[in-house]
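Visitor: with the input below, show me the fold.
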Amino acid sequence: MDHPGTFVLIMVVAVLAPILAYGVSRWLSVPLVIFEIVMGILIGPDVLGWAHSGDVIDVLSELGLAMLIFLAGYEIRFDQVKGDTLNRSVVAWLVTLVLGLAAGILLAHGDGFEKGVYIGTALTSTALGTILPVLRDSGDLGSRFGTVMMAMGAVGEFGPIIAMALLLSGRAPAGSAAVLIAFGVLTAAAVFWALRPKPPWFSKVIATTLHSSAQFAVRLVFLLLVAMLALAEVLGLDVLLGAFAAGLITRLVLHGAAPESSEAVLSKVEAIGFGFLVPLFFVVTGIEFDLDALLAGGGTLLLLPVFLALFLVVRGLPMWLLAPRDLGRRDRSALVLFGSTALPLVVAITTLGVEAGKVEPGEAAALVGAGMLSVLAFPLLGMRLRARQGEPRPRGARAADEAESW
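Guide: Residues are numbered from 1 along each chain as shown. Okay, the predicted model is just below:
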């Protein structure tokens, strides 16, 4: 049974975090997720000992991670992320995978190939779901930089999930590939359904129930999410693959069947996600962070800056080299910083590694700690570079600027 009061404390942190982020924004724009994780560590068993994870909270936390990946998948705009930009993003991530696996196996010190795969795969991710709110709030999401970042980030979010399915499933490579193909075929069938014209009553029901207790569109969104999570689970794949695919399919359904209502529906889904499930995931990440293992001595703590540097080298260097040529030097540097930001998949992959007995708790804590530092430092530096660039910003950025000042 979950520890009494933990759920209340988690929600207190979820409410305090945006207040603190808003107050600090006068001097420094700190990503909200940092306050959520740090306060989670503070109330967790390794510091104050007020909050402890439990079965119900863990399930809600996993739903929060799924919702984060779902929203990242929803943000992918196929009309923008295609052609040369997408090709460069895929090649950059494949180079990243080679570098990551090489670094992971080297760091494993002969402790096993599987440990190297866990560490190496974690180094290849981009926290698209984490940096999207930053880009949206700064007004950069609709710019050319935002389009390239979306492409690079989408592949950096989707690629590691595929790699996990192929390399960490415990199946033979041929079996893993067959299962992935089966999932791809079923997903393609869902996409085909999403692209088909819907009967007139479909959009009418969405519009009619949008502000009623029926909320047909919101219920449909969560049906799609749960269905794709269940499909991934049945096929023995990581549920995050299902969450990402559900986001892609949901965007096609809403923008195809009810484009005039899609933004309103998304705002309701985001309210559930960013208002409840996603902050719960990040706070629980802090509560479950093994601070004692990180500070236990030896070389564990020294791994943290090593992993932080590896994020930049493994993920950032290929992005710098393969970024579209129309991006200036500052934009390419900002792209490296945003693209090297990693956390949600690092948490997921290291958790799997610890549960499988392949990754030591201290190593996992160092990787997650490096991911936390990347979320804190890299977007801040990237935003500063973008601000100095002086690129004209979309109209929506003005409101974000005003919201950051008192």
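
Visitor: and the helices in the stretch 251-400 of the chain?
Guide: 259-272, 278-287, 291-294, 300-310, 317-322, 329-339, 344-355, 361-389, 396-403 (DSSP state H, counting those that start in this stretch).

Visitor: what's the angle between the first one and helix 278-287?
Guide: Read that as helix 259-272. Here helix 259-272 points in a direction 30 degrees away from that of helix 278-287 (axes from the mean of the first three to the mean of the last three C-alpha atoms, to 10 degrees).

Visitor: show me what helix 259-272 is packed against.
Guide: With contacts taken as 3 or more C-beta pairs under 8 Å, 6 or more residues apart in numbering; DSSP states H and E, helix 259-272 sits against helix 55-74, helix 200-209, helix 216-234, helix 239-257. In this view, the C-beta of every residue, glycine as well, is placed from N, C-alpha and C.

Visitor: among the helices of the stretch 251-400 of the chain, which is nearest residue 35?
Guide: Closest to residue 35 of these, according to C-beta to C-beta: helix 278-287, at 9.0 Å.

Visitor: between helix 55-74 and that closest one, find me the angle.
Guide: Going by the same axes, to 10 degrees, helix 278-287 makes 120 degrees with helix 55-74.

Visitor: just checking, what packs against helix 278-287?
Guide: helix 6-24, helix 32-43, helix 55-74.

Visitor: so which of those is the most packed in?
Guide: Comparing the helices and strands packed on helix 278-287 by mean neighbour count (mean count of other C-beta atoms under 10 Å), helix 32-43 ranks first with a mean of 23.

Visitor: returning to that earlier point: export the helices and strands packed on helix 259-272 to TSV and tack on distance to residue 263 and mean pLDDT?
Guide: Listed next are these as TSV, based on distance: least, C-beta to C-beta, whole Å; pLDDT from 0 to 100:
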stretch	distance to residue 263	mean pLDDT
helix 55-74	12	85
helix 200-209	12	88
helix 216-234	11	90
helix 239-257	9	84
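
Visitor: format those helices as TSV; extra columns: distance to residue 382.
Guide: Shown next, in TSV, are the helices and strands packed on helix 259-272 (distance: least, C-beta to C-beta, whole Å):
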stretch	distance to residue 382
helix 55-74	18
helix 200-209	37
helix 216-234	30
helix 239-257	23
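
Visitor: avg pLDDT for stretch 287-306?
Guide: Taken as a whole, stretch 287-306 carries a mean pLDDT of 80.

Visitor: what comes up buried for it?
Guide: Residues 287, 288, 289, 290, 291, 293, 294, 300, 301, 303, 304 are the ones in stretch 287-306 that count as buried (16 or more other C-beta atoms under 10 Å).

Visitor: what's near enough to touch the fifth one?
Guide: In this case it means residue 291. Neighbouring residues of residue 291 by C-beta atoms under 8 Å, 6 or more residues apart in numbering: 41, 44, 46, 47, 365.

Visitor: gap between the residue lying closest to the second one once chain neighbours are set aside and residue 74?
Guide: Same thing as residue 44. In this structure, residue 44 finds its nearest non-sequential neighbour in residue 287, 4.0 Å apart by C-beta to C-beta, 6 or more residues apart in numbering. With distances taken as C-beta to C-beta, to the nearest Å, residue 287 is found 28 Å from residue 74.

Visitor: now swap in residue 92 and tell me
Guide: Applying C-beta to C-beta, the value for residue 92 to residue 74 is 23 Å.

Visitor: next one: residue 159
Guide: Relative to residue 74, and taking C-beta to C-beta, residue 159 is found at 18 Å.

Visitor: just residue 294 next, same as before
Guide: 34 Å.

Visitor: what's the answer for residue 371, then?
Guide: Separation of residue 371 from residue 74 (C-beta to C-beta) stands at 23 Å.

Visitor: ok, residue 304 next?
Guide: In this view, residue 304 and residue 74 are 33 Å apart by C-beta to C-beta.

Visitor: retrieve the pLDDT associated with residue 405.
Guide: Reported pLDDT for residue 405: 32.

Visitor: residues touching residue 266, list them.
Guide: Counted by C-beta under 8 Å, 6+ apart, residue 266 has contacts 74, 254.

Visitor: how about 10 Å then?
Guide: Listed by C-beta atoms under 10 Å, 6 or more residues apart in numbering, the contact partners of residue 266 are 71, 74, 75, 217, 218, 221, 250, 251, 254, 255, 273.

Visitor: residue ranges in this protein under the pLDDT threshold?
Guide: Residues of the chain that meet the criterion pLDDT under 70 lie in 1-3, 77-82, 110-111, 168-174, 176, 297-298, 388-406.

Visitor: residue 157 and residue 65 touch, don't they?
Guide: No. The pair residue 157 / residue 65 is not scored as a contact, 12.0 Å apart, by C-beta atoms under 10 Å.
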